[in-house]
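Q: Here is my input, please return the structure:
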Amino acid sequence: MKANKYIQRDEKAIQIFDYRSLINDYRHLGQVIKSGMKILDVGCGTGSISKDIATIVGSNGNVTGIDNTESFILSGKKSHQNIANLELIHVDLFDFNPEEKFDLIVSARVIQWLSNPREALSKMKSLLKPNGQISILDYNHEAIIWNPAPPESMRIFYNTFLKWRQEAGMNNRIAEDLPNLLKEVGFHSIEKINSDEFYNQERHDYKSKIGIWSKVASSSQMVEEGYLDNDLRLKAIEDYNHWIATEAISMTMKLNEVRGKL
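A: Reported below is the predicted structural model:
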């Protein structure tokens, strides 16, 4: 049964990744992408953003996407098999040792899940060409804004989610700490670009986007690890979905793109 749970989780994640695009989900990155570049996308998921980057760099450039979840890579290879200058590889960042280095390394919504972000950034630095550039896009989960406030059950769930992440070694406000981390590992010319995600009823994907927390709560992992009562988890989903249907006006997820140069 546990294997089936993981398959279901992967399928849900694949659906989320497949709907992402460069213009909507990494919207300022196009400013630094140039034709002919060699680019690495770390934690590429199914490669939905990677494939948009490949279009910009053109036939003289190429994009390599890596992810440590095999099902994401297999799905992406199937979906994007006709893109000649895109390669998707199932590998962990720390085991990835290509022969050639990259002009630009990008990573979207990945560092937030790592307990060793400094080491990950150092590894990325080692994969850049001289004068190469890095771009990291990630959240400050401590600064989420719901309008109006969601139900108490979801607020309890969300605070438990933050505690669970913190105790697992993850940084809930990594978006704010990235500039210092990049400086510490040797990058310069560091820029922090506000990339907040704002969702309201004018967006066609509003309910899907604001409903992300119902999807997060659909996982029983925090229950299995003793952080949360299962009845409260189910109540959080029910109450939150009702709030979306009847009261919700908007949600803002605080997001920064942070760039640095070698």
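Q: now this structure, which segments are flagged as low pLDDT?
A: For the chain, the stretches with pLDDT under 70 are 1-18.
Q: Work out which residue lies at the spatial centre of it.
A: Against the mean C-alpha coordinate of the chain, by CA atoms, centre = their mean, the closest residue is R109 at 2.1 Å.
Q: wait, doesn't that one sit right on H141?
A: No: the criterion here is CB atoms under 8 Å, and R109 misses it with H141 at 11.0 Å. The C-beta positions use only the backbone N, C-alpha and C, and glycine is treated the same way.
Q: What lies in contact with the longest strand anywhere in the chain?
A: Ranked by number of residues, the top strand in the chain under DSSP state E is strand 128-139. Under the criterion CB atoms under 8 Å, 6 or more residues apart in numbering, residues 26, 29, 32, 38, 101-112, 121, 124-125, 174-175, 178, 182, 187, 195, 253-262 lie in contact with strand 128-139.
Q: Also stretch 52-69?
A: With contact meaning CB under 8 Å, 6+ apart, stretch 52-69 is reached by 10, 13, 21-23, 29-30, 33-45, 47, 50-51, 73, 76, 83-93, 96, 98, 102, 106.
Q: Buried only: go through those residues for me.
A: For the contacts of stretch 52-69, a burial check counting by 16 or more other CB atoms under 10 Å picks out 10, 13, 22, 29, 33, 37-45, 47, 50-51, 73, 76, 83, 85-88, 93, 96, 102, 106.
Q: now the longest strand of the chain: how far from the chain's centre is it?
A: Relative to the chain's own centre, strand 128-139 is displaced by 15 Å; criterion: CA atoms, centre = their mean, to the nearest Å.
Q: buried ones in it?
A: With burial defined by 16+ other CB under 10 Å, the residues of strand 128-139 counted as buried are L128, G132, Q133, I134, S135, I136, L137, D138, Y139.
Q: and it, which strands flank it?
A: Here strand 128-139 is paired, per DSSP bridges, with strand 102-108 (parallel), strand 255-261 (antiparallel).
Q: Just the C-alphas of it, formatted as PDB.
A: This file holds the C-alpha atoms of strand 128-139, laid out as PDB (Å, rounded to 0.1, in the frame of the first residue of the first chain):
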ATOM      1  CA  LEU A 128      29.500  27.000 -13.700                       C
ATOM      2  CA  LYS A 129      31.900  28.400 -16.300                       C
ATOM      3  CA  PRO A 130      34.000  31.400 -15.300                       C
ATOM      4  CA  ASN A 131      31.800  34.500 -15.200                       C
ATOM      5  CA  GLY A 132      28.800  32.200 -15.100                       C
ATOM      6  CA  GLN A 133      25.500  33.100 -13.400                       C
ATOM      7  CA  ILE A 134      23.100  31.500 -11.000                       C
ATOM      8  CA  SER A 135      19.400  32.100 -10.500                       C
ATOM      9  CA  ILE A 136      17.400  30.700  -7.500                       C
ATOM     10  CA  LEU A 137      13.700  31.100  -7.200                       C
ATOM     11  CA  ASP A 138      12.100  30.300  -3.900                       C
ATOM     12  CA  TYR A 139       9.600  31.100  -1.200                       C
END
